[in-house]
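Trainee: Need coordinates for the below:
(one chain, ligands or ions: 2)
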Amino acid sequence: MSIMLSQVKIAFVGAGSMAEAIVRGLIQTKVANPQNVYMMNRSNQDRLSFLCSEYGVQATSDQATKNTIIQEADVVVLCMKPKDVESSFAELQPLLSERQLLISVIAGLSIEKAERLLQSDLPIVRTMPNTSSTIGLGATGMSFSTKVNDTFKQLAIQMFEAVGTVTIVEEDKLEILTGISGSGPAYVYYLMEAMIKAGIEGGLTEEDANQLTLQTVLGAAHMVQTTKEHPAELRRKVTSPNGATHAAIQALDRHQFDEAIHQAVLHCAARTKEMGEQIAATSTVGKSV
Ligand SMILES: NC(=O)C1=CN([C@@H]2O[C@H](COP(=O)(O)OP(=O)(O)OC[C@H]3O[C@@H](n4cnc5c(N)ncnc54)[C@H](O)[C@@H]3O)[C@@H](O)[C@H]2O)C=CC1
Ligand SMILES: O=C(O)[C@@H]1CCC=N1
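Mentor: Ligands and ions are numbered 1, 2, ... in the order given. Sure, this is the predicted structure:
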């Protein structure tokens, strides 16, 4: 049996940048019906008003209404920061039931720990999206708990394919995947910042440096996609022996560019795991939070 995403009620718990990126993609592609998309946060009413007017979604800051929405939702998407997991899961736990699908975007939170915190083995999809979902070019990694049936798997895949690509991996690969695609946009922006800065320092106008850098990164990504050649081969074609690019690559090597990126990916993966481990493993249900 397949279900259309437009027909299900989706509640986003947490209404920050990642929730907005996914919602914007879902609404723009018309994969979800804004009447069936609910967003909630801790307390920022201005933020909810903006999201309602921008995307036509439903939102409330009233606690009783929030509880009803969560109880009635078919899909609950967990979009809070790792530090807020314990308190928010304690609030959510009495409201959830096993007919619902839980989708987590929370970096580092394992399925096993989520089940333990919620004292339930309701179906959970653990994902690692990225902010490029905002424009439909996201890259999402995904793993399923054993309770996720084929219908729910298709629903989750449909949701994230609406905002980019989906790569299904074993759960223990999600940390290293975070090192590449979850945080990866930041490395590319950092590279762009450095190129722009060097261009300006060399005498280009800011406008020209921005435009040239943007088109270069866009063109390089499209070249990999269109030619299907390995980045190493495409790099070789730019690099004339003893030419200008050769000098540039030598400078990057002297400054250990490859090693720097390698370390960035590994540190990101390690920090992701650590953030997950820092979330207490036991339920706070029944304790004051
Ligand atoms: N920003 C990114 O590039 C990516 C973020 N993520 C994950 O997405 C999650 C959210 O990250 P951002 O959107 O960047 O954070 P953010 O700080 O922009 O948003 C977090 C939201 O959660 C809300 N919140 C906290 N406790 C709550 C509760 N008990 N009930 C309802 N709402 C509550 C806050 O009010 C806020 O709206 C994190 O777990 C992060 O690991 C995953 C992939 C990429
Ligand atoms: O920086 C973070 O913790 C989140 C996870 C991946 C991207 N942003």
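
Trainee: Quick check: T165 touching T140?
Mentor: Yes. Between T165 and T140 there is a contact under CB atoms under 8 Å: 7.0 Å. (C-beta placed from N, C-alpha, C; glycine too.)

Trainee: the more surrounded of the two?
Mentor: It is T140, of T165 and T140, that has more neighbours when counted by other CB atoms under 10 Å, with 26 against 12.

Trainee: so what strands line up beside whichever helix or strand that one is part of?
Mentor: Using DSSP states H and E, T140 falls within strand 138-144. Next to strand 138-144 in the sheet, as set by DSSP bridges, lie strand 124-128 (antiparallel), strand 164-168 (parallel).

Trainee: Now do M275: how many residues are near it, please.
Mentor: Here the number of neighbours of M275 (other CB under 10 Å) works out to 19.

Trainee: and it, that's in a helix?
Mentor: Yes. With DSSP: H, G, I helix; E, B strand; the rest coil as the criterion, M275 is assigned to a helix.

Trainee: any idea of the pLDDT on it?
Mentor: You'll see M275 listed with a pLDDT of 96.

Trainee: try the one 4 residues further on
Mentor: Looking at I279, its pLDDT is 92.

Trainee: so what's it up against?
Mentor: 82, 85-86, 108-109, 113, 117 (CB atoms under 8 Å, 6 or more residues apart in numbering).

Trainee: what do you get for D258?
Mentor: L252.

Trainee: rewinding a little: out of the contacts of I279, the closest to V224 would be?
Mentor: G108 (29.1 Å; CB to CB).

Trainee: burial count for the closest one?
Mentor: The number of residues packed around G108, counting by other CB under 10 Å, is 22.

Trainee: my guess is it is in a strand, correct?
Mentor: No. Counting by three-state DSSP, G108 is located in no strand; its state is coil.

Trainee: Alright, I will stop here.
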